[in-house]
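Chemist: mind looking at a prediction? Sequence and model below.
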Amino acid sequence: MRKLLTVLFASTSLMTITPAIAAESKMSADQPKAAEEARTPLTELGKNDPYLWMEEIEGARAMDWAKAQNAKTLPVLQGDKRYADLEAKALAILNAKDRVPGVSFAGDGSLRNFWQDADHVRGVWRKTSLESYRTADPAWETILDIDALSKVEGANWVFKGASCLPPEDTRCLVTLSDGGKDAVTVREFDTATKSFVSDGFVLPEGKQNYTWLDKDTLLVGREWKPGELTKSGYAYVLKTLKRGQTLDQAVEVFRGVDTDVSVNPFVLRDADGKAVAVMAGRGVTFFEAETYLIEGDKPVKLDLPLKSSVQGYVAGQMIVLMEQDWKGFKTGDLVSFDLARLKAAPDHAVATLVLRPTARQSVEQVTTTRTKLVVGLLDNVKGAARVLTHGPNGWTSQTLDLPANSAIGLGSTAEKDERLFVTATGYLAPTTYWLADAGTLKLEQVKASPARFDAGAHVVEQFEATSTDGARIPYFVVRPKGLEYDGQAPTLLYAYGGFQVPLTPGYSGVMGKLWLERGGTYVVANIRGGGEFGPAWHEAGLKANRQKVYDDFFAVSQDLIARKITSPRRLGIMGGSNGGLLMGVALTQRPELYNAIVVQVPLFDMIRYSQIGAGASWVGEYGDPAIPSERAVIAKYDPYSNLKAGQKYPEVFIETSTKDDRVHPAHARKAAAKLEALGYPVLYYENIDGGHAASANLAETARRQALEYVYLSRKLMD
């Protein structure tokens, strides 16, 4: 569950698909000293905040305020003479008919894809054959039209994916969100008849985790009784649900406690789709989980470290990523367990080393074909792909010969054979799509994305900045070839720095067209807190070490200025979600470095963050405000409480979505309201739909991006 939540939490990244050091002070959520402290009642935290009413997501007063802010901001930005052109260019790229559709293998022999364009605003789930996909104009057959479904049902459905039962993959659990929320409705769909199953499974709206056990049974975690959720708002009770049963007839098979983050069911299957192990991950904190084997009526806890994650199953081996030192293995190691032996003796797990990254490497992705393990590896923030084979003497490794200096993405695998899709992309290189054979190592380039902007005028460089404690912080610069080092380059710096999420080279047609092609320079900082160099890079920015993340960001900012690439007058920054918190800290701690700050769907009120949205699940990242010693650390960087009058803050642009049920829109609302109350100019935009991505469809995405680049142009180019 941690990996899923991490990906979702980072989903507002600007890109479309992104030496390691140990933390000086490792802290876990159940650190003994912290546990002994008297907790401050949650009702006391921020109780005097004059903007508490903004925490009622769709309260009349809050909505009236948001609409009034939109009415002030939109005329300013949309009234700029550049806006219409930028929005049209963004929408043209997003809706382009010649976009390359990414596909996934299905057990029925087809390739499937979800597609949105001007004619399919909400999108269409469709399929084709591999032979047709290889052609310039594949023949697509519609499986489910979300626009048509929304019209018939009078709903604003956002397609969140489909989980299909192997090996045929014809019975699928289609996930639909009202306006983009994390809370979803799940309905069984038959891809053969292209219709929802009349007596099929239906899970009413909620934040829920689920998986197929067999064609007539699901394993589901959800709010079974009113209020039966963790303090983070996720499920902690798993039940089996049989076909034809009502929810109240489901049978409980596992129960966590309400102080957990969540409980997540998963099933390991062999290459023929047969379930070989039914498991549950009990998320004790966001980064710590107990793993249970569910057989019979009593779950059995496996002998695995809390900081580890099951990555898959192949050749009789369960693959696990170690995120802490354990039994002679090191943080970042990829290991395997003989599943039959593990099931026979679950309390005496014996592991075999699969792969050990160097200090400048990390395991980014893991997938399996029929008999092979394929690992996406980051090497100094650049991608590579390894194919590993299990034999009598352990694991052997080979390398796929993919483009160098790229981000490598491992896509769908066939499972019935050794094929998988792989992508390669760079800041100036559009994505290429490869069909790889993990058995023969043969590669076939099947598609190449068209260029969306003129990349010939720019180059990519990688530099390092030195942070306050001496750590080397890498960053990428995408700049014009003829850049004059006079500090006058309009520069946009992007970063995230949290939840072990790496930012890797990626191609953004919209950013290239709306920023690079117009003379801008683009920078990505690989600061601590992310996953660029594995778990240790993340650990170095946790809790008491959080300020290191921000110091890294400031070090990159100052390095750009020292190299005379840019100057504070021409330097703007952007970040979303956890990166939005980073923007708030930059605003309050080092405002003199920047002239523009785009704050996307942010965390901002860190004293109350654990009480609103899904905030309680992130205590493992930031610390618990209810514990005095941890609150003292948080208070030092908390943007909301550190906003003060009389500072030289730049005019910021803050964005959020009413439908964001992960990072509550109150963070953004309260930030804007307090800035205004202190006398600062502020631009604020709240999309009424959109969820945590702040946009529910491509038209809304184009509008948001045009607003951002108009703002940046006004601040940095004028």
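Modeler: On my side now, so go ahead.
Chemist: so where does Val152 fall, helix or strand?
Modeler: Element membership for Val152, per DSSP states H and E: helix 146-153.
Chemist: show me what contacts Val237?
Modeler: The neighbourhood of Val237, defined by C-beta atoms under 8 Å, 6 or more residues apart in numbering, consists of Gly221, Trp224, Glu228, Glu252, Phe254, Arg255, Gly256, Val263. Where C-beta positions appear, they are placed from N, C-alpha and C, glycine not excepted.
Chemist: drop anything exposed from those.
Modeler: Buried members of those, counted by 16 or more other C-beta atoms under 10 Å: Gly221, Trp224, Phe254, Arg255, Gly256, Val263.
Chemist: returning to that earlier point: for the contacts of Val237, which one is nearest Ala275?
Modeler: Phe254 (15.9 Å; C-beta to C-beta).
Chemist: the closest one: what secondary structure?
Modeler: strand (DSSP: H, G, I helix; E, B strand; the rest coil).
Chemist: for the one 10 residues further on, same thing?
Modeler: The assignment at Asn264 comes out as strand when based on three-state DSSP.
Chemist: same thing with Glu621?
Modeler: helix.
Chemist: surely it meets Val501?
Modeler: No: contact status for Glu621 versus Val501: not in contact, 11.0 Å apart, counting by C-beta atoms under 8 Å.
Chemist: got a list of what Tyr494 touches?
Modeler: Counted by C-beta under 8 Å, 6+ apart, Tyr494 has contacts Ser13, Leu14, Leu503, Tyr522, Val523, Val524, Ala525, Ile573, Met574, Gly575, Gly579.
Chemist: inside strands: which ones of those?
Modeler: Tyr522, Val523, Val524, Ala525, Ile573, Met574, Gly575 (DSSP state E).
Chemist: wait, the fourth one sits on Ser467?
Modeler: No: the pair Ala525 / Ser467 is not scored as a contact, 10.7 Å apart, by C-beta under 8 Å.
Chemist: so which of those two has more stuff around it?
Modeler: Ala525 (27 against 21; other C-beta atoms under 10 Å).
Chemist: distance of that one from Lys447?
Modeler: From Ala525 over to Lys447 the distance is 31 Å, taken as C-beta to C-beta, to the nearest Å.
Chemist: all strands of the stretch 151-300 of the chain, in order?
Modeler: 157-164, 171-178, 184-190, 195-196, 202-206, 209-214, 217-221, 237-242, 251-255, 262-269, 275-283, 289-295, 298-301 (DSSP state E, counting those that start in this stretch).
Chemist: the stretch 551-700 of the chain now?
Modeler: For the stretch 551-700 of the chain, applying DSSP E, counting those that start in this stretch gives strands covering 571-576, 596-600, 652-657, 682-687.
Chemist: can you pull out the low-pLDDT segments for the chain?
Modeler: 1-36, 689-696 (pLDDT under 70).
Chemist: hmm, back to that, which residues are in contact with both of Ala525 and Ser467?
Modeler: By C-beta under 8 Å, 6+ apart, the residues touching both Ala525 and Ser467 are Ile473, Asp552.
Chemist: what's the closest of the contacts of Tyr494 to Ala586?
Modeler: Ile573 (6.0 Å).
Chemist: what is the subsequent helix or strand relative to the lengthiest helix in the chain?
Modeler: Longest helix in the chain, counting residues (DSSP state H): helix 60-78. The first helix or strand that comes after helix 60-78 along the chain, using DSSP H and E, is helix 83-94.
Chemist: any idea how far the residue lying farthest from the centre of the chain lies from Lys207?
Modeler: When distances are taken from the C-alpha mean of the chain, Pro392 lies farthest, 37.4 Å away, according to C-alpha atoms, centre = their mean. Plainly put, Pro392 is 45 Å away from Lys207 if you go by C-beta to C-beta.
Chemist: what's the answer for Leu516, then?
Modeler: 38 Å.
Chemist: which residue, other than its chain neighbours, is closest to Gly498?
Modeler: Asn578 (3.8 Å; C-beta to C-beta, 6 or more residues apart in numbering).
Chemist: sorry, slip of the keys, the one I care about is Glu58.
Modeler: Glu58 sits nearest to Thr658 (C-beta to C-beta, 6+ apart), 6.5 Å away.
Chemist: relative to Phe463, how far out is that neighbour?
Modeler: Taking C-beta to C-beta, one finds Thr658 at 40 Å from Phe463.
Chemist: these two: which has the busier surroundings?
Modeler: Per other C-beta under 10 Å, whichever of Thr658 and Phe463 has more neighbours is Thr658, with 21 against 15.
Chemist: contacting residues for that one?
Modeler: Counting by C-beta under 8 Å, 6+ apart, Thr658 has contacts Ile57, Glu58, Met63, Ala66, Pro665, Glu686, Asn687, Ile688, Asp689, Gly690.
Chemist: part of a helix, is the second one?
Modeler: In this case it means Glu58. No: using three-state DSSP, the assignment for Glu58 is coil, not a helix.
Chemist: how close does it sit to Trp65?
Modeler: 12 Å.
Chemist: of those two, who's got more company?
Modeler: Per other C-beta under 10 Å, whichever of Glu58 and Trp65 has more neighbours is Trp65, with 19 against 11.
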